[in-house]
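Participant: Could you work out the structure for the sequence below:
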Amino acid sequence: MTMTPLSLASSTPTYLDADACYRAMASRDRRFDGMFYVAVRSTRIYCRPSCPARTPARRNVSFHPSAGSAQSAGFRACKRCLPDATPGSPEWDMAADVAGRSMRLISDGIVDREGVPGLARRMGYTPRHLTRVITAELGAGPLALARARRAQTARTLIEATAMSFADVAFAAGFASVRQFNETMAEVYAATPSQLRGNRRAPSVPTSRSSTPVRLPTPSSVGHLNMRLAVRTPYAGHALIAFLAARAVPGVEQAEVQAQGGAWYHRTLALPHGPGVVKLEADDVSEPGLTAFVRASFELHDLRDTSAAVERVRRLIDADCDPVAVGAVLRDDPVLADDLRRTPGLRVPGHVDGNEVAVRAVLGQQISVSAARTLAARLVEECGERIGNEPASVGPTKLFPSMQTLAGLNPEKLAMPRARGRALVVLCAALADGQVALDRSADRLDVRSQLLALPGIGPWTADYIAMRALGHPDVFLPTDVGVRHALAARGLTASRAEEIARRWRPWRSYALMYLWHSLNLTNEGA
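Facilitator: Numbering: from 1, shown residues only. I've put the predicted structure just below:
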């Protein structure tokens, strides 16, 4: 098969210009890993830009916006640089266009569970038109992209666990063992046995927590240890500290220890059953590298592997490009000192958009600790228990479903009646699909839908957009934490929006730096 360099639409990021891509590849710049892929005609393989192999001649390479695009064009993955084991493109969250939102759902396993028609329904398009749009932007259709995701998940499980190959195929989303074997041979030019024989010894995470936590073992079905790739610098401890300050008893546990350890443990509501994940994150200050967050999963159903991984990747903001963020913020007089002290601060996402929406309403006009107390009461009264272990062993309850919360009497909730009514109305809208927080809908449309609900104002809608929808350019000028952080810098709140304009398109990250400077004590939700 003969290929020509990808023809890029004007809306495609400028860094995918073929000449710019070749320069990035020649310099082996790791910052571009996951943003594009290099296909080499002479060897029929595709690589990440930082692959250490000899740089091929310009005439022999083409560039692809996704691994699925390269695979569809007949290239197989490089065994040396493992191009599929990279963070995803930050452009998916930046643009949040149809292709980007579709890619998030494909990574969550929607095509495996509901097929292309199910994906198209969520996006509001016909399957044929959606396939055209995705192919034009990402170089491959939804089926090819889902196939690439399945192959990546399968390779990770083969190399990181002792699961049987049949279980690996099942967990990765393949319809049959035969399809699994054929795909692995085509994508990696190796059998599953060969991939496992060449693996490095799996790294089993250990707990640094003073609280006993039952960790999965790699030989047990349903128990998986993985490493989730992130770009550096990465402020892992700050991210865990943010989550720890808001951890809801029963659902979450977290700790940042004085000697440097940081872990986060929570339950997961997944398509085929419950799960639990434990994360351990470190600080890496050196830029331009790929670091890893250690993740231990315990899943009721292995078919939820992809969904669990994708949702946790959203939580840790795995696809952020911190170098691009720093380029805008590091010389700003308001934030320069903060970026020097804490390089690579992330915007914590969430594993469940509906849950973060409920917690945003609970946190309206009250402190973090008060919001956590209200959430804990709801969990105690309405949350489903998923294990028999005592609470000291780990989280044992799922956050209440939207259907359950929508059925509550708002007059009996321990909060102002107006807020209770707003909570119940919001949960009803989420339960019946009137508002979708799974990143399938346009952000502006979601914001308008939220603002149309009683009791949902701009602060709540924008906070949800930042954490549930992954919006990188949210600013909350009326937030009390923002006002205190600006006052500490000698600035008045009346200038907040004016000052924030120069932080675009990364105002969400600037917001996190302002909150972080207050030790996360003055901001709600």
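Participant: Residue 471 contacts residue 507, doesn't it?
Facilitator: No. In this structure, residue 471 is not within contact of residue 507 by Cβ atoms under 8 Å, at 9.2 Å. C-betas here are computed from N, CA, C, even on glycine.
Participant: Show the contacting residues for the spatially closest residue to residue 430 that is not a sequence neighbour.
Facilitator: Leaving aside its sequence neighbours, residue 430 sits nearest to residue 402 (Cβ to Cβ, 6 or more residues apart in numbering; 4.4 Å). Residues near residue 402 by Cβ atoms under 8 Å, 6 or more residues apart in numbering: 354, 358, 427-428, 430-431.
Participant: For residue 281, give me phi and psi.
Facilitator: The phi/psi pair for residue 281 (degrees, to the nearest 10) reads phi -130, psi 140.
Participant: again, but for residue 90
Facilitator: The phi/psi pair for residue 90 (degrees, to the nearest 10) reads phi -70, psi -20.
Participant: Also residue 464?
Facilitator: phi -60, psi -40.
Participant: got it, and residue 297?
Facilitator: Per degrees, to the nearest 10, the backbone of residue 297 is at phi -110, psi 140.
Participant: what sits against it?
Facilitator: Neighbouring residues of residue 297 by Cβ under 8 Å, 6+ apart: 216, 223-226, 275-277, 305, 308-309.
Participant: redo that, cut-off 10 Å
Facilitator: Under the criterion of Cβ atoms under 10 Å, 6 or more residues apart in numbering, the neighbours of residue 297 are 216, 222-226, 268, 270, 275-279, 304-305, 308-309, 312.
Participant: So which of these sit within strands?
Facilitator: Secondary structure from DSSP state E places 223-226, 268, 270, 275-279 of the contacts of residue 297 in strands.
Participant: how about those, which pair is most distant?
Facilitator: With Cβ to Cβ as the measure, no two of these lie farther apart than 225 and 270, at 17.7 Å.
Participant: more neighbours, these two?
Facilitator: Between residue 225 and residue 270, residue 270 has the larger neighbour count (other Cβ atoms under 10 Å), namely 24 against 19.
Participant: okay but the more buried one is in contact with residue 222, surely?
Facilitator: No. Contact criterion Cβ atoms under 10 Å: residue 270 and residue 222 do not qualify, at 11.7 Å.
Participant: who touches both of those two?
Facilitator: Joint contacts of residue 270 and residue 222 (Cβ under 10 Å, 6+ apart) are 297, 299-301, 304-305.
Participant: Just the buried ones out of those, please.
Facilitator: 297, 299, 301, 304-305 (16 or more other Cβ atoms under 10 Å).
Participant: how close does residue 227 sit to residue 117?
Facilitator: Using Cβ to Cβ, to the nearest Å, residue 227 is found at 34 Å from residue 117.
Participant: which residues touch residue 475?
Facilitator: Under the criterion of Cβ under 10 Å, 6+ apart, the contact list for residue 475 reads 462, 466, 482, 496-497, 499-501, 503-504, 507-508, 510-511, 514.
Participant: Tell me the secondary structure at it.
Facilitator: Here residue 475 is recorded as coil under DSSP: H, G, I helix; E, B strand; the rest coil.
Participant: Mind pulling up the pLDDT for it?
Facilitator: According to the prediction, residue 475 has pLDDT 96.
Participant: what's the answer for residue 266, then?
Facilitator: Looking at residue 266, its pLDDT stands at 97.
Participant: Give me the distance from the helix or strand containing it to the chain's centre.
Facilitator: Following DSSP states H and E, one finds residue 266 within strand 262-270. Centroid separation for strand 262-270 versus its chain: 14 Å, with Cα atoms, centre = their mean, to the nearest Å.
Participant: Check stretch 64-83 too.
Facilitator: Offset of stretch 64-83 from its chain centre (Cα atoms, centre = their mean): 22 Å.
Participant: got the end-to-end distance for it?
Facilitator: Start and end residues of stretch 64-83 are separated by 12 Å (Cα to Cα, to the nearest Å).
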